[in-house]
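J.: just need the structure, nothing else, for what follows:
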Amino acid sequence: VAMGRSGTDVAREASELVLSDDNFATIVNGVEEGRVAYDNIRKVIYLLISTGAAELVLMAMALATGMPHLPLLPVQLLWLNLVTNGIQDVALAFESNEGDVLQRKPRPPQESIFNRLMVERTVIAAIVMGVIAFLTFDWFVGDDTSKANVDAARNALLLLMVLFENIHIGNCRSETRSAFRMSPFRSPILLSGALIAFGIHVLMMWTPFGHDLLGTRPVALHDAAQLALLALIIFPVMELHKWSWRQRYQKNPPSDR
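T.: Here you go, the predicted structure:
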């Protein structure tokens, strides 16, 4: 470590870290910001991988059961991944400090992003969302396999997946802390991003452009309420996993070397 102002040129060239303000407290601030940035990278990856894996579970179940119609069309999958989820993951990258980053033990340098916690959470979230989505589509289609009914079922399923994303983003704000302990108003960028993503999808449901591009239509109020209740299931499931993780590993985190 060398001083940026009072240090010599030789010291700065030989050092691995240069303090531009000659203040050792800056190292602490740098460690804190680095941990926050690393946390947010993990949160964004978890949001994208878990929701994407849920879509894979949904499509795989449809193929495995011989369902004659795909639950979601390619353009609808692109809409979920690039637009609604794309807005949310950018907003999630600005999540603020959880408040305890300096109390944590340093992570092993060789630890993978996909450590045990990440893998467990991703698998559980993907299975829950994917299975619920598959059963919902099958329920909406029923015995009527006409094109109009299948299109209506896809429209409802697309709304369900958007609702899943908006609710699941609350689970992504912390890997171990309960979402009930984190006010949504504490992160205005994330709250705005979630509302904008959902608002854009609602707009596509009510405009001719959305009808032509995505095959979306307005969903009846009682159906939308049922879809919202189904989407809420992911919230207590992930809260239960967070509680289970804290009970198992809060004092002795597992080694993921």
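J.: got the CA coordinates for stretch 94-104 in PDB?
T.: Output in PDB follows, covering the C-alpha atoms of stretch 94-104 (Å, rounded to 0.1, in the frame of the first residue of the first chain):
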ATOM      1  CA  PHE A  94     -28.400  -0.400  -7.600                       C
ATOM      2  CA  GLU A  95     -29.600  -2.200  -4.400                       C
ATOM      3  CA  SER A  96     -28.100  -0.400  -1.400                       C
ATOM      4  CA  ASN A  97     -25.900  -1.800   1.400                       C
ATOM      5  CA  GLU A  98     -27.700  -4.400   3.600                       C
ATOM      6  CA  GLY A  99     -26.000  -2.900   6.600                       C
ATOM      7  CA  ASP A 100     -23.900  -5.900   7.700                       C
ATOM      8  CA  VAL A 101     -21.300  -6.300   5.000                       C
ATOM      9  CA  LEU A 102     -18.400  -5.300   7.200                       C
ATOM     10  CA  GLN A 103     -19.500  -7.800   9.900                       C
ATOM     11  CA  ARG A 104     -19.100 -10.800   7.600                       C
END
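J.: distance between that stretch and the chain's centre?
T.: 18 Å (CA atoms, centre = their mean, to the nearest Å).
J.: quick one: buried residues of that stretch?
T.: For stretch 94-104, the neighbour count (16 or more other CB atoms under 10 Å) marks 95, 98 as buried. Every residue, glycine included, has its C-beta placed from N, CA and C.
J.: touching that stretch from outside, list them.
T.: 28, 31-32, 35-36, 39-40, 43, 173-174, 177, 182, 186-187, 189-190 (CB atoms under 8 Å, 6 or more residues apart in numbering).
J.: helices or strands up against the host helix or strand of residue 195?
T.: Per DSSP states H and E: residue 195 is located in helix 188-206. Helix 188-206 is packed against helix 85-92, helix 147-171, helix 208-214, with contacts defined by 3 or more CB pairs under 8 Å, 6 or more residues apart in numbering; DSSP states H and E.
J.: now do 6 Å
T.: helix 85-92, helix 147-171 (3 or more CB pairs under 6 Å, 6 or more residues apart in numbering; DSSP states H and E).
J.: I'm done for today, thanks for sticking with me.
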